[in-house]
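*Asks:* What shape does this take:
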Amino acid sequence: MINKGTLGILKRPHPSYLFVLKNTSTCCFTLHNFFISFIYTIDTKELVSWMRGHDSSVSSISVHGSGRYAITTSTDTAQFWDLDTFQRKRKLNVRQSVGIQKVFFLPLSNTILSCFKDNSIFAWECDTLQCKYQLPTSIEGSVLHYKVFAITRDGRVLVTGGKSNHLHLWCLESKQLLRIIQMPTKVRAVRHLEFLPDSFDGGSNQVLGVLSQDNIMRFINIQTCKHLFDIGNHEEGISTAAVSPNGRYIASVMQNGSLNIYSVQALTQEVNKPPPPLVKVVEDLSKDKLGASKLTMRVTSGRSERPWKSRGSKTQTRVLKPQVNTSLENKENELPDGLNKKRLQALLKGFGEYPAKYRMFVWRALLQLPENYLAFSSLIDKGIHSAFVHLKDEYPMKSRKLLRVLQRTLSALAHWSAIFGETPYIPLLAFPFVKLFQNNQLICFEVVATVIVNWCQHWFEYFPNPPVNVLSMVENILAHHDKELLQHLINYNVTSQLYAWPLLETLFSEVLTREEWLKVFDNIFSNHPSYFLMMVAAYIICSRAPLLHCNQTEDFEYFFHHRNNLDINVVIKEAYHLMETTPSDIHPQRMLDDFIPLTKGQYPVFNKYPKFIVDYQTQERERIRQDEIEYLRERQLVHEIEAKAVQRKVEDEAWYRKQELLREAEEQRRKILLQEEEKLADQRQRLTAVKRELKVKELQLLDAARRRFLKHQQDQRQMELKRLDDEIARKVSMRQRETAATVQDVEVRQMELESQRQLFEQQLVKNQETVTQEVKGEIDASRRRADLEEHLVQRLIEIDRDEDRKAQVLAEESLAKADQKCVDTDWRIQALYKQRCDDLDREAHYEEIAKLLHDNRVKEAELLKAMKEEEDKRWEEVTEKRAQLEAEQLAVAALDARRKQFLEDEMNDAIELAEKLQSEDGYFERLRDLKTGCVQQDLKFQQVPREAQPKSGYVCLNDLSTAESSAHFSLDRRREDLECRERELMAEVRELRQKLTSQAQATYPLPHFPDTKWTA
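*Replies:* You can find the predicted model right below:
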């Protein structure tokens, strides 16, 4: 959606050319009346830069695929710009009489194509701007002035047009003119050319949009020269148009100012329908140079048109039309594109193969491909299947494009049905079709899918094993037609998995050449799916001579995996012979279904395989992939840890090395300081000696100067005296009076000289004292500096020692803390270990107590059972001799009371113990009820009056009047025996309980657990 106000700054004047750079926030455009290009940011609407340099209006802008360079073109020059700096790098100048038509970059290359108004086209290298080649000039008879240009996305084909209804197709690889396309007569000039991209054509675009002078844009196929569809009309014409990068939409600016968006899918629905039954013969460019008449191809729509031919050459054209009245059988044989299967089979039997030029067209018709673009796009959009990520490692190929197409096709198959991601031979099966249809991935996928659905029936029922049922069909055919060969194979343990399965899983691609393979599949696609198995059997039968000479398993394997010297036409004829002569009971046609094409819109569900095996393998592969990811992650983590450890080790070594270097440097500096101090002391001593020598020399010089001056004064004095003496001698008579004055002057002069000498000596002494003071000051300053430096050195040494001491203290503290933590950890571990041992001992003790209690319960149950049996026996005896016991009831009452009291106590103890142990509850309740019932019965019996007892008809045993002495004696003795046995039994029970309790306490003494609480 266009945001309102996005281009508000560009309202007036309107831009003549607008180009959005690779950085989508920046656009470049030019204006009609300005000879400059502007760079604007769309977000902020700010001017980034403008590029001056054109003297005329800019007609086009072309940007390099990397987004770094741009070329602006005007009629007189072309400018090469660097978009990083917005500076011009180079300029293309031409003669004014020629003029430039357009200069632009070729896609996916560093080539610049320049087109001039004299129809010359040059190619330049982008980096060096050297001319690479020049396209030849147009051939005679087809001269047109190039105005518009279009290039495919792979940069291989160039289409040019101008003021004519002809289009020139240039192959930039061979630098030759491929063909000349003649548009309809309504087209007199071409205003704009635009290729329609397709995500499945690999950049070799086939559909071209041609905008003519009548404002209608027609889309044609440049290979078949077929008119596909058009947009616009005379009432609502198109001014300009552009196609989206994915080729799904077409945007056109209409002459009335409106903007129309067209869906390519909706426009191509009519194109995908079968075309009318027309066969068109056209001629393409041969190796020799042809004239314009041999290259011209007319665009056809509803009728067949042939290339223009000269009068001397005649070409026959035949229009195939379906008959009006056809039978049901003929309707079944009718194929799309106006073809008939019966006629194609007759043509195939006559020539042995289909014409190479129309083979793909015939195959698409025979297979009835639905061309489900949306369904295939959804499969492709799922990306590369995990099973084929490393396909290049298993099947290395030189062609990256072929590998990419194979990977996409196999991934689409795996996304369509999970079985194809687990089947190892799917790449071998699909590779021949991928190599054949690598420029159209949709057709490639649908051909492979159709082959799998129809010619690979029942292949996946025994997955992951080979299709034993299909191989058995081949073996049955071979057994019927060539028993000797089959027996020979059996003798050498060669099964159908060795001689038939390699041919099936590779679709004969390993044993046949390209031409032979195409010829074989011409026949396979034209017949029932069972013909494929007949071809396998025919290939084996026709190879019987070399196979009968083979006696090694390796020889058989090599034979069925490599090409052999075999006439494929003989094999095809033998296959047809097998189809006709094979009995119906072993004929594969009985087991295989007829051909079923793929459904339109959506592909059919393919689930004819053991789903649980595929799901299991898929899960296992996913688990292995996750394990590999985890392993890689752990290995990466280990590598990182190792790298960190190595880095830490290197850092530690570097730190220790640095410390060692610092220590060595410190020692070296200390030695240097000591040496410098020694040198300084020596220098001081030498300086003092030199100063002393200089002072002595100075004094000597001063003394020598003084003496020389005195000698000079004496000499002058002597000369003066001599001269005076001469004058006195000559003028003694004249200057007698001046003699005294002269003597006085001489004396004064001597005094002055003496004073001068003393002053000079005094000055010398002062100068000497000054020099001495200066020397002393320098010596003192040097000593103070030395003392200060020594103090600083001592301070540095003390600071270093303090830091070392602190570091040592910190290290000792850290070591002590670590030792303390280690001791604490060991203590905790020992405490936990002791606690764990105590828990284990207590658990074992509890188990032993429970075992003893269980044994005790068992023994008590046995004892109570014995008591119950004994009590039952007693009651039986009492019942039998109740008459005798009635007579002795009074005498035995006291004894019975004591016995019952004792039994009650023991029974209460037993019941309490049983309740604690939660076992035998119902049994003890029954004993208690029985005991209570017996006591109540005895009490009732005792309450019966003596007078009423004889009326019952029973003899009373307690009646002394009727009892004999022998009866009294026997009853008393038996009662005493019973009581004695009862007392002994109860005593044994008590002793057994005490013994068990003492043994348990002695063996497992109960520990003291203050907070232990039993829970249910």
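*Asks:* so how far is Q636 from I624?
*Replies:* Separation of I624 from Q636 (C-beta to C-beta, to the nearest Å): 18 Å. For every residue, glycine as well, the C-beta is placed using N, CA and C.
*Asks:* wait, what's in contact with L193?
*Replies:* 148-150, 159, 161, 167, 208-211 (C-beta atoms under 8 Å, 6 or more residues apart in numbering).
*Asks:* Rebuild these as TSV, extending it with distance to R364, secondary structure and neighbour count.
*Replies:* Output for those, formatted as TSV (distance: C-beta to C-beta, whole Å; DSSP: H, G, I helix; E, B strand; the rest coil; neighbours: other C-beta atoms under 10 Å):
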residue	distance to R364	secondary structure	neighbour count
V148	33	strand	20
F149	32	strand	19
A150	27	strand	20
V159	26	strand	23
G161	31	strand	28
L167	26	strand	27
L208	22	strand	23
G209	24	strand	24
V210	26	strand	26
L211	31	strand	26
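*Asks:* Same list, those residues, but as CSV with distance to V470 and pLDDT please.
*Replies:* As requested, these are exported to CSV (distance: C-beta to C-beta, whole Å; pLDDT from 0 to 100):
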residue, distance to V470, pLDDT
V148, 57, 89
F149, 55, 89
A150, 51, 90
V159, 50, 91
G161, 56, 89
L167, 52, 88
L208, 47, 90
G209, 49, 91
V210, 52, 92
L211, 56, 91
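*Asks:* Among these, which one lies nearest to D127?
*Replies:* If you rank the contacts of L193 by distance to D127 using C-beta to C-beta, F149 comes first, at 22.8 Å.
*Asks:* any idea how far the strand or helix carrying E634 is from the chain center?
*Replies:* Using DSSP states H and E, E634 sits in helix 611-731. Mean-position distance between helix 611-731 and its chain equals 58 Å (C-alpha atoms, centre = their mean, to the nearest Å).
*Asks:* Mind checking what helix or strand follows it in sequence?
*Replies:* helix 737-880.
*Asks:* returning to that earlier point: what angle separates the helix holding E634 from helix 737-880?
*Replies:* Interaxial angle, helix 611-731 versus helix 737-880 (axes from the mean of the first three to the mean of the last three C-alpha atoms, to 10 degrees): 160 degrees.
*Asks:* by contact count, what packs against helix 611-731?
*Replies:* helix 419-422, helix 737-880 (3 or more C-beta pairs under 8 Å, 6 or more residues apart in numbering; DSSP states H and E).
*Asks:* In the stretch 51-200 of the chain, what residue spans correspond to strands?
*Replies:* With DSSP state E, counting those that start in this stretch as the criterion, the stretch 51-200 of the chain has strands at 60-63, 69-73, 77-82, 87-93, 100-105, 111-116, 121-125, 131-134, 146-151, 157-162, 166-171, 176-182, 190-196.
*Asks:* for the last one, what is the average pLDDT?
*Replies:* Spelled out, that is strand 190-196. Strand 190-196 shows a mean pLDDT of 88.
*Asks:* swap in the fourth one?
*Replies:* Model confidence over strand 87-93 averages 77 on the pLDDT scale.
*Asks:* Which of the strands of the stretch 51-200 of the chain comes out lowest on mean pLDDT?
*Replies:* Ranked by mean pLDDT, those end with strand 87-93 in last place, scoring a mean of 77.
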